[in-house]
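Novice: Build the 3D model from these lines:
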Amino acid sequence: MSRVKRYSKKRKRWRKIAAAVGTVALIYIGGVTYFHFHFYPHTRVGNIEIGLKTVKGAKSYVKEELDKYVLTVEEPDSEEKITAKDAGLSFSDLEDIDQIRKEQSAAAWPVRLTREYFYDALHIQVDEGTLSAYVDTMKCMNPVEPKQSVGASIKYDDKKKKYKIKEESIGNIVDKEHFLEGLTTSLTSHSRDISLKDETYYEQPEYKKDTEAVLKAKKKLNKYLNGAVVYKDGGQELKIARKDLSKMLTCSKDFKVDVDKEKVKAYVKDHVAATFNSLDGDIPSGITAWKVSVDDETSKLIKNIKSGKNTTRKPVYSQEGFDREEYNVGKTYIDVNISDQQMWYVENGKIMLSSDIVTGNISTGHATPTGFYRIAYRQRDHLMVKYNSFVHYWMPYITSVGIGFHDASWRSSFGGNIYRTNGSHGCINMPPAKAQALFGMISAGTAVYVHW
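Specialist: Now for the predicted structure:
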């Protein structure tokens, strides 16, 4: 190739490069010029897009958008609109838009075209009185069927045998103060919508399922459920069912947990005492019987419950009779009190018969033996050969020495101190009518407990 041709080719290549550079330069200069008067793309003031507009055009467009601005209030089944006029909206003269343009470097336009720019420069204001008055007219503030919110509660689940939290329910009564705050924020930020569907703006109950006081109350109630007592004594057993225990526990409106003393006392009286008392009702002076101390047992049971520990024990007694473990008498027996010269026949925990008696003569060494016995048999018209005494009703319980209950028609009085100097030879003398009544009530094997 000739030298001239090579030089010509080289010149063409440089011309192309120069043309390309010139084109780029022209485009760059054009961009600088353009963005000296226009906003970058994706520039927003509040929620209004002003990209590629001049300052004058942006101001005009923003004013237009603000004038026709509408906020949509989304409700569960419908929606309502709030216009700029409804809210009494006003805004500044938009001087900040000039400053926004100045802050955008026109020279850097090639690297800034793809970015987004957001400016909170509208300074929108809401007329509180105008907005409040308009809100009062909205459908959401005036539901056809008002429904109050209901706070969380704690209920005993009988199937799962524990306490569970019942979740709160949110009604349809709008909390106006809170709603106005949300509306003001949405309006001044030029948001397009605000939702009531998430229940944020409805009146909220003070206590919800995840409120700390509710969670603590549930934990304490379930702890107390573990504090039940299993009562065992004299072959009898009573276990407090969790359902019954749950009725003794209370949880106030502000979720303070406690044990209801009166309900515990009622349970002790109706169940514990009814099971372990050997008599129904008050125990007559002189009789030996088992009686639960209702007040003392109530206090102890409350402590057991609050401990949260399951316990097995005997009830607290105010009076203790014969050894239940040794004799296992149950609730049917004859009780003989030598000191008081009284006897009682108790059947299924109820006193069926009581009588004055005369026991063995202690001055002659014939005192009636104490202890636990059982009626051996019953016999009508019995002659006590040893003493040549005839009785109509004979009910022996110590056959080896011939001691038992019988009528004593030869006596004119019973009780008092007769037994000390004019008592029997060890038997228990009874008025004839009382002996006849006892004879008809008891049977062989009936327990007899004799004591001072």
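
Novice: From here on, just use CA atoms for contacts and neighbour counts.
Specialist: Will do.

Novice: Distance from stretch 219-234 to the middle of the chain?
Specialist: In terms of Cα atoms, centre = their mean, to the nearest Å, the centre of stretch 219-234 is found 16 Å from the chain centre.

Novice: So which residues make contact with stretch 414-424?
Specialist: With contact meaning Cα atoms under 8 Å, 6 or more residues apart in numbering, stretch 414-424 is reached by 340-342, 356-364, 366, 430-431.

Novice: same thing with stretch 174-181?
Specialist: With contacts defined as Cα under 8 Å, 6+ apart, stretch 174-181 is touched by L131, S132, C140, M141, Y201, Y202, E203.

Novice: cutoff 10 Å now
Specialist: For stretch 174-181, the surrounding residues in contact (Cα atoms under 10 Å, 6 or more residues apart in numbering) are 128, 131-132, 135-136, 140-143, 146, 148, 182-187, 194, 196, 199-204.

Novice: circling back: hmm, which of the contacts of stretch 414-424 are the buried ones?
Specialist: Buried subset of the contacts of stretch 414-424 (neighbour count, 16 or more other Cα atoms under 10 Å): 340-342, 356-362, 366, 430-431.

Novice: so which of these comes closest to F276?
Specialist: Proximity of those to F276 (Cα to Cα) peaks at Q342, which lies at 23.6 Å.

Novice: now the strand ranked longest in the chain, how far from the centre of its chain.
Specialist: Ranked by residue count, the top strand of the chain under DSSP state E comes out as strand 389-398. Remark: strand 389-398 is offset 64 Å from the chain centroid, using Cα atoms, centre = their mean.

Novice: Same question for stretch 299-314.
Specialist: On Cα atoms, centre = their mean, the centre of stretch 299-314 falls 20 Å from the chain's centre.

Novice: show me where pLDDT drops low in this protein?
Specialist: Counting by pLDDT under 70, the chain shows low-confidence ranges at 1-7, 92-93, 121-122, 199.

Novice: Next SSE downstream of the top helix by length along the chain?
Specialist: Assignment by DSSP state H gives helix 3-37 as the longest helix of the chain. Next along the chain after helix 3-37, taking DSSP states H and E as the criterion, comes strand 43-45.

Novice: helices and strands around whichever strand or helix holds Y231, which ones?
Specialist: Element membership for Y231, per DSSP H and E: strand 229-233. Applying 3 or more Cα pairs under 10 Å, 6 or more residues apart in numbering; DSSP states H and E, we find strand 229-233 packed against strand 236-239, helix 273-276, helix 294-307, strand 311-313.

Novice: Export only the CA atoms of that strand, formatted as CSV.
Specialist: Extracted C-alpha coordinates of strand 229-233, given in CSV (Å, rounded to 0.1, in the frame of the first residue of the first chain):
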residue,chain,number,x,y,z
VAL,A,229,-55.2,-31.7,97.9
VAL,A,230,-55.9,-35.4,98.0
TYR,A,231,-57.4,-36.1,101.4
LYS,A,232,-56.9,-39.6,103.0
ASP,A,233,-58.0,-40.8,106.4
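
Novice: residue boundaries of the helices in the stretch 351-452 of the chain?
Specialist: Under the criterion DSSP state H, counting those that start in this stretch, the stretch 351-452 of the chain contains helices at 418-422, 432-441.

Novice: closest to I154 out of these?
Specialist: helix 432-441 (53.4 Å).

Novice: elements contacting the closest one?
Specialist: Applying 3+ Cα pairs under 10 Å, 6+ apart, we find helix 432-441 packed against strand 342-347, strand 350-356, strand 379-384, strand 389-398, strand 403-407, strand 428-430.

Novice: Is it possible to get JSON lines of the ones you listed that adds distance to D86?
Specialist: Converted to JSON lines, the helices and strands packed on helix 432-441 look like this (distance: least, Cα to Cα, whole Å):
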{"stretch": "strand 342-347", "distance to D86": "87"}
{"stretch": "strand 350-356", "distance to D86": "83"}
{"stretch": "strand 379-384", "distance to D86": "107"}
{"stretch": "strand 389-398", "distance to D86": "103"}
{"stretch": "strand 403-407", "distance to D86": "103"}
{"stretch": "strand 428-430", "distance to D86": "103"}
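
Novice: Point out the most buried one among those.
Specialist: Ranked by mean neighbour count, these are led by strand 428-430 with a mean of 26 (mean count of other Cα atoms under 10 Å).

Novice: ok, and what's touching that one?
Specialist: Contacts with strand 428-430, where a contact means Cα under 10 Å, 6+ apart, come from 336, 338, 341-343, 355-360, 368, 393, 395-396, 403-409, 411, 413-415, 419, 423, 435-436, 438.

Novice: hmm, back to that, mind putting the helices and strands packed on strand 229-233 into a markdown table with mean neighbour count and distance to G171?
Specialist: As requested, those are exported to a markdown table (neighbours: other Cα atoms under 10 Å; distance: least, Cα to Cα, whole Å):
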| stretch | mean neighbour count | distance to G171 |
| --- | --- | --- |
| strand 236-239 | 14 | 43 |
| helix 273-276 | 22 | 48 |
| helix 294-307 | 18 | 37 |
| strand 311-313 | 14 | 45 |
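
Novice: so which of those comes closest to L113?
Specialist: Comparing those against L113 with Cα to Cα, the closest turns out to be helix 294-307 (70.9 Å).

Novice: which helices and strands does the helix or strand hosting W109 pack with?
Specialist: Using DSSP H and E, W109 maps to helix 109-112. With contacts taken as 3+ Cα pairs under 10 Å, 6+ apart, helix 109-112 sits against helix 3-37.

Novice: The helix it packs on: which residues count as buried?
Specialist: Neighbour-count burial for helix 3-37 flags Y28, G31, V32, Y34, F35, H36, F37 (criterion: 16+ other Cα under 10 Å).

Novice: so can I have TSV of these showing distance to K161?
Specialist: Shown next, in TSV, are the buried residues of helix 3-37 (distance: Cα to Cα, whole Å):
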residue	distance to K161
Y28	79
G31	77
V32	78
Y34	77
F35	74
H36	76
F37	76
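
Novice: ok, the residues you listed vs A213, which is closest?
Specialist: A213 has its nearest neighbour among the buried residues of helix 3-37 in F35, at 60.1 Å by Cα to Cα.

Novice: Backbone dihedrals for the residue positioned nearest the centre of the chain, both of them.
Specialist: Closest residue to the average C-alpha location of the chain: I154 at 3.4 Å, with Cα atoms, centre = their mean. Main-chain dihedrals, I154, degrees, to the nearest 10: phi -120, psi 130.

Novice: does the closest residue to it other than its chain neighbours sit in a helix or strand, and which one?
Specialist: Ranked by Cα to Cα, 6 or more residues apart in numbering and with sequence neighbours excluded, the top spatial neighbour of I154 is I165, at 4.5 Å. In the assignment (DSSP H and E), I165 maps to strand 162-166.

Novice: Mind giving me the packing neighbours of that strand?
Specialist: strand 153-157, helix 212-225, helix 242-246.

Novice: let's see 7 Å
Specialist: Secondary-structure packing of strand 162-166 (3 or more Cα pairs under 7 Å, 6 or more residues apart in numbering; DSSP states H and E): strand 153-157, helix 212-225.
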